[in-house]
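Asks: Kindly generate the corresponding structure for this input.
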Amino acid sequence: MRNLNQDTITQAVIDRFADTPDPRLKEIMTSLVRHLHAFARDVKLTEAEWFQGIEFLTRTGHITDDKRQEFILLSDTLGLSMLTVAMNNDKPAGCTEATVFGPFYVEGAPEYELGADVANGAAGIPCEVRGHVRGLNGEPVPGAEIHVWQADAEGTYDVQRAGLQGAQARGTLRTGPDGEYHFKSILAESYPIPHDGPVGDMLEATRRHPWRPAHLHFMIKAPGYKTLITHVFRNGDKYLDSDAVFAVRESLIADWVRQPDGSYLVDYDFVLNPVDGHR
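Replies: Alright, predicted model coming up:
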């Protein structure tokens with residue numbers, strides 16, 4: 001088709017996807033084109049602005065590597081990550097809410113016995129973390145696989161530290177016979193997401209801060225239950241109402257209680273959502 005104009009080009013592009021064999025891919029691509037074109041018309045996008053957008057995405061790709069995922073940061077700061085989490089994690093009342101995965105999970109984290117110190121030398125005030133993992137009906141979930149990771153007192157994850165040998169403030173453990181878990185780590189502190197790249201430029205240009213409230217990351221897996229990806233947030237943090245990635249849920253906020261020896265204790269129970277038909 002020749003001589004397309006601003007009124008006819010959208011349908012012409014959509015028609016090119018007519019023979020896509022995967023119906024879901026066809027649906028996604030068709031909707032993507034329709035909404036992208038509508039966006040360009042809505043803001044009356046100039047050619048110079050579109051080239052700026054391309055340059056922004058190019059920089060996002062160039063800064064991304066095995067230790068930094070700028071595209072996840074972009075998705076997080078635009079609220080898209082949390083939107084997809086919310087749409088895909090509709091759970092029965094009583095189940096622990098899900099939140100964003102974040103860009104700092106690492107496969108193959110060291111395995112620890114219950115009670116071990118997963119901080120492994122990370123900077124921070126000592127903290128004990130404990131609780132139970134249960135099913136929706138209150139049943140204990142023994143042997144559940146718990147992945148935990150967090151930033152240190154300087155707001156840095158181990159994977160961000162050049163030359164660091166071994167994992168810090170990161171590990172995998174399993175719940176005991178009654179679904180209990182407990183381990184030692186460090187006090188969760190608020191920290192800024194990486195903002196020395198294109199996402200940081202976007203935040204600065206729009207007068208947004210890059211800070212996340214103090215939290216621990218958890219991913220919990222158990223047979224018969226849906227995998228839970230979530231955070232536990234530290235009560236009282238000043239960024240709870242302005243999290244840069246929109247991930248805070250009231251039910252995920254817990255008290256970190258100062259102990260007589262100066263360390264901290266946080267106690268939080270998780271409730272897993274059973275796989276359909278399992279319980």
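Asks: For Tyr181, which three-state class applies?
Replies: strand (DSSP: H, G, I helix; E, B strand; the rest coil).
Asks: can you tell me which residues contact it?
Replies: By Cβ atoms under 8 Å, 6 or more residues apart in numbering, Tyr181 lies in contact with 114, 129-133, 144, 146, 173-175. For every residue, glycine as well, the C-beta is placed using N, CA and C.
Asks: Let's see if you can find the most crowded of the residues you listed.
Replies: The residue in the contacts of Tyr181 with the most neighbours, by other Cβ atoms under 10 Å, is Val133 (28 neighbours).
Asks: How far away from the center of its chain is the helix or strand that one falls within?
Replies: For Val133, the host element (DSSP states H and E) is strand 126-134. On the basis of Cα atoms, centre = their mean, to the nearest Å, strand 126-134 sits 20 Å off its chain's mean C-alpha point.
Asks: Also stretch 191-198?
Replies: On Cα atoms, centre = their mean, the centre of stretch 191-198 falls 15 Å from that of its chain.
Asks: Any chance you could list what contacts that stretch?
Replies: By Cβ under 8 Å, 6+ apart, stretch 191-198 touches 56, 59-60, 63, 68, 70, 73-74, 76-77, 151, 154-156, 160, 199-200, 203-204, 209-212, 214, 244-245.
Asks: Please name the residues that touch Glu97.
Replies: Going by Cβ under 8 Å, 6+ apart, Glu97 touches 89, 91, 230, 249, 251-252.
Asks: pLDDT weak spots in the stretch 151-279 of the chain?
Replies: Scanning the stretch 151-279 of the chain for pLDDT under 70 picks out the ranges 277-279.
Asks: Past the longest helix along the chain, which element shows up next along the chain?
Replies: The longest helix of the chain (DSSP state H) is helix 23-43. Tracing the chain C-terminally past helix 23-43 and defining elements by DSSP H and E, one meets helix 47-63 next.
Asks: Would you mark the buried spots in whichever helix or strand comes after that following helix?
Replies: Counting by DSSP H and E, the next helix or strand C-terminal to helix 47-63 is helix 70-77. Using 16 or more other Cβ atoms under 10 Å as the burial criterion, the residues of helix 70-77 that qualify are 70, 72-77.
Asks: out of the contacts of Tyr181, which one sits closest to Ser190?
Replies: Val129 (17.5 Å; Cβ to Cβ).
Asks: And the strands in this structure, which stretches?
Replies: Secondary structure of the chain (DSSP state E): strands located at 126-134, 145-149, 170-174, 180-186, 191-192, 211-212, 215-221, 228-234, 253-254, 257-258, 264-267, 270-271.
Asks: CA atoms only for the second one, dumped as CSV, please.
Replies: Output in CSV follows, covering the C-alpha atoms of strand 145-149 (Å, rounded to 0.1, in the frame of the first residue of the first chain):
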residue,chain,number,x,y,z
GLU,A,145,12.1,-22.7,49.8
ILE,A,146,12.8,-19.1,51.0
HIS,A,147,15.0,-16.8,48.9
VAL,A,148,15.9,-13.6,50.6
TRP,A,149,18.0,-10.7,49.5
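Asks: Parallel or antiparallel, list what pairs with it.
Replies: strand 170-174 (antiparallel), strand 215-221 (antiparallel) (DSSP bridges).
Asks: Quick one: mean pLDDT for that strand?
Replies: Average pLDDT, strand 145-149: 98.
Asks: who's in contact with the nearest residue to Leu187 once chain neighbours are set aside?
Replies: Of all residues not flanking Leu187 in the chain, Ile125 sits nearest, at 4.1 Å (Cβ to Cβ, 6 or more residues apart in numbering). For Ile125, the contact set (Cβ under 8 Å, 6+ apart) comprises 153, 186-187, 262-264.
Asks: Pick the one among these closest to Trp256.
Replies: Nearest to Trp256 out of the contacts of Ile125 is Tyr264 (Cβ to Cβ; 4.7 Å).
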